[in-house]
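Visitor: Only the shape, not the letters, is given here:
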């Protein structure tokens, strides 16, 4: 499927204007900071003396010679300047001075002792005790130091390396200067909660790692500013200038723009641009250190995050796209073309993004690039930030990049470890192995962590640790985790620490997994089907209708099922196939309307509108051919027909929708459905059958797709109150059809309806809204916990409750029930 990525304006339009606690997007409140910052960045001068390793100076030299991309058109971010100029009291824009590349100072040399260089010998206490004085004297004369093995466990990485002990260390980077990116003080009050993207995020991660003794086992990599040529590998020069320019403005000017920045889910102070360069530079230095073999892997404790930043736009708390810049930088610098550098070549990079929000900026940076594989696991329903369809499973890239964007969209809240690990096992790791990257960058957002109110997911630190452990086998272990989102300080600190333990070589913590949820399973299977066109490990792609027709006549299975049902129900129940008097309905629903012979002279008429049922298929994984002898149609409508026609002799109108409702929020709507045609069908049934029938009692019964048709009758035919005694709706996890107040029958519908929803339906989440729900949706009934979310299963399980409800509503049913009681007593 060829789909163009959305424009920056389209992407921004998906972000809500403001919210402080919405689960649908990043909240956008303005919060207090301790003191207003100076009008010009106080970091600029300090960057001239920032410690950086000699190899970092070399990388800066390489980066400064990188070619700049051609100018791009201006973005929505540029509107801030125009907005400030058009305000009632305009504040002048301060033109920043020409950009100069910072010159890093010489760093303290790092010890480079090697294992087994003969200067240190590990011995136990018993072995040392057995050495004679002469032996000890000889060892000392040779300059060999004896170290107790137990003492080694308490030594820092620096001490170990000085003595030539241990393997190549893991690394981390952190700079307290990145905490200077805070909201403007004048835009908040002391009573408000801190902004979600707060300095405490990186402070908490660093402190917990330090408290647990992890930083002592790691090498600290100096943080530096990303330079212009590096940032321009992904972003336009205009974007660089706009972000940099904010660091030279007055507080008054930034206040004028702050409402506009809010709409981009940003806050900006005079230090924000410098902090964004530090955040990006920190990730670059971590990648350099791993690529050079200085460390074997690492964790970048950085902020602001980056994966929402697009080539022309800052958004979603992000200014520069750290992971994207690092990936392009690695491929640009480590080409392997220099003599003796072939082993360092980095040609293919995997970016794995487990932040709960889709990394729209990262995907856009590599939309047509086959050398960078972007895999994202995120929450996606078209509304959740960043909104739109860009994070859907169908978004696979274009041209040479097709298949190198792999989106795994989770459609619901509360996805667990089991759901994420299932996605890793089925999609992430198989595709990653087939891609065979030379380097792995993880956009490590922890807003999917348990306890994060923005993400509302349930991944635990153990879950993140196991995902890290699986990824660590790729690219010979060359991996950098770069902090992205995560807005519960405790959750982000615990989760990041669990990942760092794995980077250090500790065994991941024990993880107990249940089964993956139906929602996650459906999402994963959908992605596998889409990606099977591009990756062999995803199975054989399903052939298109056009391809099949080239091989012979292709008969839709729906036609065979309609013919079977028409034949079978005639012989078993005496139901007749009725031809529509409307050409449009006949074209859409041919052989799908069946009636009993007594529909016009029965006492009680049942209008039963339902889904086809569920086809349970067994297929060959090699060819995707169905094993016909093992494929079954599960048809629960027979239970209703038995009850209505054999037990009660009702007249029956049976309408079979050969469509389906999603059994979870992840499934796309059935393309064969037309809401307008369904409405036309529903009103046709009422006008051409029910109004002519002599039945005194009418039961409207909808299951799955039939529930919308039922609501169309209730909404548009208010005279139904005279004859309709009961309205039954059996749904899955989809939202129930809403009855508009303009219908004038809400009170009647509430008294005469039974709307059965699974126990896990989101409508049950807030009991305080139960009364409001009953006005809009009818008498909502919560099924038992054992009932499934699929309408066909729920229909079977709920039939006793449905029969009881109808017995209460129909006068003759009440009389029959009383007669049965009297007979039993006698």
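Guide: Here it is on my side, so go on. Predicted, not measured: the structure shown is a model, and the values here were computed from it. Residues are numbered from 1 along each chain as shown.
Visitor: now the stretch 1-150 of the chain, which segments are flagged as low pLDDT?
Guide: Across the stretch 1-150 of the chain, the ranges flagged by pLDDT under 70 are 1-89, 103-124, 142-150.
Visitor: same check, this time on the stretch 651-800 of the chain
Guide: Along the stretch 651-800 of the chain, the model assigns pLDDT under 70 to residues 659-673, 765-772, 785-792.
Visitor: all helices of the stretch 451-600 of the chain, in order?
Guide: Under the criterion DSSP state H, counting those that start in this stretch, the stretch 451-600 of the chain contains helices at 461-471, 489-503, 518-531, 545-551, 557-573, 583-589.
Visitor: Can you tell me which of the ones you listed has the worst average pLDDT?
Guide: When the helices of the stretch 451-600 of the chain are compared on average pLDDT, helix 545-551 comes out lowest at a mean of 66.
Visitor: right, and the helices of the stretch 451-600 of the chain - which one's nearest residue 380?
Guide: Comparison of those against residue 380 by C-beta to C-beta identifies helix 518-531 as nearest, at 8.9 Å. In this view, the C-beta of every residue, glycine as well, is placed from N, C-alpha and C.
Visitor: just to revisit the earlier point, any chance of the helices of the stretch 451-600 of the chain in JSON lines with mean neighbour count and distance to residue 248 as columns?
Guide: Formatted as JSON lines, those follow (neighbours: other C-beta atoms under 10 Å; distance: least, C-beta to C-beta, whole Å):
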{"stretch": "helix 461-471", "mean neighbour count": "23", "distance to residue 248": "39"}
{"stretch": "helix 489-503", "mean neighbour count": "23", "distance to residue 248": "31"}
{"stretch": "helix 518-531", "mean neighbour count": "21", "distance to residue 248": "45"}
{"stretch": "helix 545-551", "mean neighbour count": "10", "distance to residue 248": "59"}
{"stretch": "helix 557-573", "mean neighbour count": "15", "distance to residue 248": "65"}
{"stretch": "helix 583-589", "mean neighbour count": "14", "distance to residue 248": "64"}
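Visitor: so can I have JSON lines of these showing distance to residue 763?
Guide: Shown next, in JSON lines, are the helices of the stretch 451-600 of the chain (distance: least, C-beta to C-beta, whole Å):
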{"stretch": "helix 461-471", "distance to residue 763": "28"}
{"stretch": "helix 489-503", "distance to residue 763": "28"}
{"stretch": "helix 518-531", "distance to residue 763": "16"}
{"stretch": "helix 545-551", "distance to residue 763": "37"}
{"stretch": "helix 557-573", "distance to residue 763": "31"}
{"stretch": "helix 583-589", "distance to residue 763": "30"}
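Visitor: so which of those helices comes closest to residue 743?
Guide: Closest approach to residue 743 among these (C-beta to C-beta): helix 583-589, 23.4 Å.
Visitor: can you list contacts of the closest one?
Guide: Contacts to helix 583-589, defined as C-beta atoms under 8 Å, 6 or more residues apart in numbering, come from residues 579-580, 655, 674, 677, 680-681, 684.
Visitor: one step back: please name whichever of the helices of the stretch 451-600 of the chain is nearest to residue 224.
Guide: With C-beta to C-beta as the measure, helix 489-503 is the member of the helices of the stretch 451-600 of the chain nearest residue 224 (21.7 Å).
Visitor: Show me what the closest one packs onto, helices and strands only.
Guide: Other helices and strands packing on helix 489-503, by 3 or more C-beta pairs under 8 Å, 6 or more residues apart in numbering; DSSP states H and E, are strand 170-173, helix 200-211, strand 297-300, helix 461-471, strand 479-483.
Visitor: Nearest residue to the middle of the protein?
Guide: residue 378 (1.2 Å; C-alpha atoms, centre = their mean).
Visitor: quick revisit: quick one: which of the contacts of helix 583-589 is nearest residue 602?
Guide: Of all those, residue 655 has the smallest distance to residue 602: 17.0 Å, by C-beta to C-beta.
Visitor: Contact partners for the closest one?
Guide: Listed by C-beta under 8 Å, 6+ apart, the contact set of residue 655 reads 589, 592-594, 607-610, 681, 685, 706, 709.
Visitor: Tell me the secondary structure at it.
Guide: State at residue 655, reduced to three classes by DSSP: H, G, I helix; E, B strand; the rest coil: strand.
Visitor: ok, what's across the strand from it?
Guide: residue 593, residue 609 (DSSP bridges).
Visitor: My read is that residue 219 contacts residue 286, right?
Guide: No. Residue 219 is not in contact with residue 286 according to C-beta atoms under 8 Å; the separation is 10.6 Å.
Visitor: can I get the helices and strands packed on helix 489-503 in JSON lines with distance to residue 501?
Guide: Listed next are the helices and strands packed on helix 489-503 as JSON lines, based on distance: least, C-beta to C-beta, whole Å:
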{"stretch": "strand 170-173", "distance to residue 501": "10"}
{"stretch": "helix 200-211", "distance to residue 501": "9"}
{"stretch": "strand 297-300", "distance to residue 501": "10"}
{"stretch": "helix 461-471", "distance to residue 501": "7"}
{"stretch": "strand 479-483", "distance to residue 501": "12"}
